[in-house]
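model the following, please.
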Amino acid sequence: MKRYLERQAPAKTPAELQAQLDAFAHYYNTIRPHRALGGRTPLQAYGARIKARPADAEAPDTHFRIRHDKVDSVGKVSLRHDSKLHHIGLGRAHKGKPIKLLVANRDIRVLDARTGELIRRLTLDPSRVPADRRELRCLLCPATSVSDVAAHHRIAGAGFEPATFGL
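Take a look at the predicted model:
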């Protein structure tokens with residue numbers, strides 16, 4: 001840290017010095033690979049370790065999972081959880097970037113696979129379904145969930161005309 005600070009312009013205020021120290025700590029812990037840690041950053045090594053808890057505490061009923069993936073061309077990554085496919089938006093700035101998904105039940109952390117930097121943290125809420133993803137019900141057979149009612153009846157051969165229902 002002393003060598004880093006020697007190469008910086010002298011800080012004029014305590015706030016400026018704190019900003020320099022914060023920048024060093026961020027680089028040291030989250031970006032710089034460490035030889036003793038097999039090329040991982042200290043943050044990656046710390047996050048991979050099981051945390052200590054009291055001896056009498058029961059183990060949590062949590063399913064832990066790690067998944068390696070790549071962000072698609074529109075900045076999203078998909079994750080299947082509880083038999084549902086979730087599309088997690090990370091932004092186009094991350095497109096094509098290799099990522100690591102750390103899944104603990106509904107808690108999801110998305111890390112940059114190269115640097116270990118946290119990109120996004122979220123909790124899946126199964127009760128929230130976006131309006132464009134809600135199921136459509138057919139007017140003629142309401143028990144059927146379909147994405148395109150007109151095509152549904154053309155395929156089924158029911159003679160359905162979209163104009164009949166204003167579609």
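
and the strands in the protein?
Taking DSSP state E, the strands of the chain run over residues 64-70, 76-81, 84-89, 98-104, 107-112, 118-123, 136-137, 145-146.

check contacts around the residue nearest in space to the middle of the chain.
Nearest to the geometric centre of the chain sits Val110, at 3.9 Å (Cα atoms, centre = their mean). Contacts for Val110 (Cβ atoms under 8 Å, 6 or more residues apart in numbering) come out as Val77, Ile88, Leu90, Ile99, Lys100, Leu101, Leu102, Leu118, Ile119, Arg120, Arg121. (C-beta placed from N, C-alpha, C; glycine too.)

again, but for Leu21
Taking Cβ under 8 Å, 6+ apart as the test, what Leu21 contacts is Met1, Leu5.

so for it, what's the pLDDT?
Listed pLDDT for Leu21 reads 93.

output the lengthiest helix in the chain as CSV, restricted to C-alpha atoms.
Ranked by residue count under DSSP state H, the longest helix found in the chain is helix 14-26. The C-alpha trace of helix 14-26 is given here as CSV (Å, rounded to 0.1, in the frame of the first residue of the first chain):
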residue,chain,number,x,y,z
PRO,A,14,-8.5,13.4,4.2
ALA,A,15,-11.3,12.6,1.8
GLU,A,16,-8.9,12.4,-1.2
LEU,A,17,-6.6,10.1,0.8
GLN,A,18,-9.6,7.9,1.7
ALA,A,19,-10.5,7.7,-2.0
GLN,A,20,-6.9,6.6,-2.9
LEU,A,21,-7.0,3.9,-0.1
ASP,A,22,-10.4,2.7,-1.2
ALA,A,23,-9.2,2.4,-4.8
PHE,A,24,-6.2,0.4,-3.6
ALA,A,25,-8.3,-1.9,-1.5
HIS,A,26,-10.8,-2.5,-4.3
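
and of the strands of the chain, who's closest to Pro33?
Closest approach to Pro33 among the strands of the chain (Cβ to Cβ): strand 107-112, 12.8 Å.

now the strands of the chain as CSV including mean pLDDT and distance to Asp56?
Output for the strands of the chain, formatted as CSV (pLDDT from 0 to 100; distance: least, Cβ to Cβ, whole Å):
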stretch, mean pLDDT, distance to Asp56
strand 64-70, 87, 22
strand 76-81, 84, 31
strand 84-89, 82, 36
strand 98-104, 89, 22
strand 107-112, 88, 24
strand 118-123, 85, 28
strand 136-137, 48, 51
strand 145-146, 47, 48
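
where's the closest residue to Ile88 other than its chain neighbours relative to Arg121, distance?
For Ile88, ignoring the flanking residues on the chain, the nearest one in space by Cβ to Cβ, 6 or more residues apart in numbering is Val77 at 5.2 Å. The gap separating Val77 from Arg121 is 14 Å, by Cβ to Cβ, to the nearest Å.
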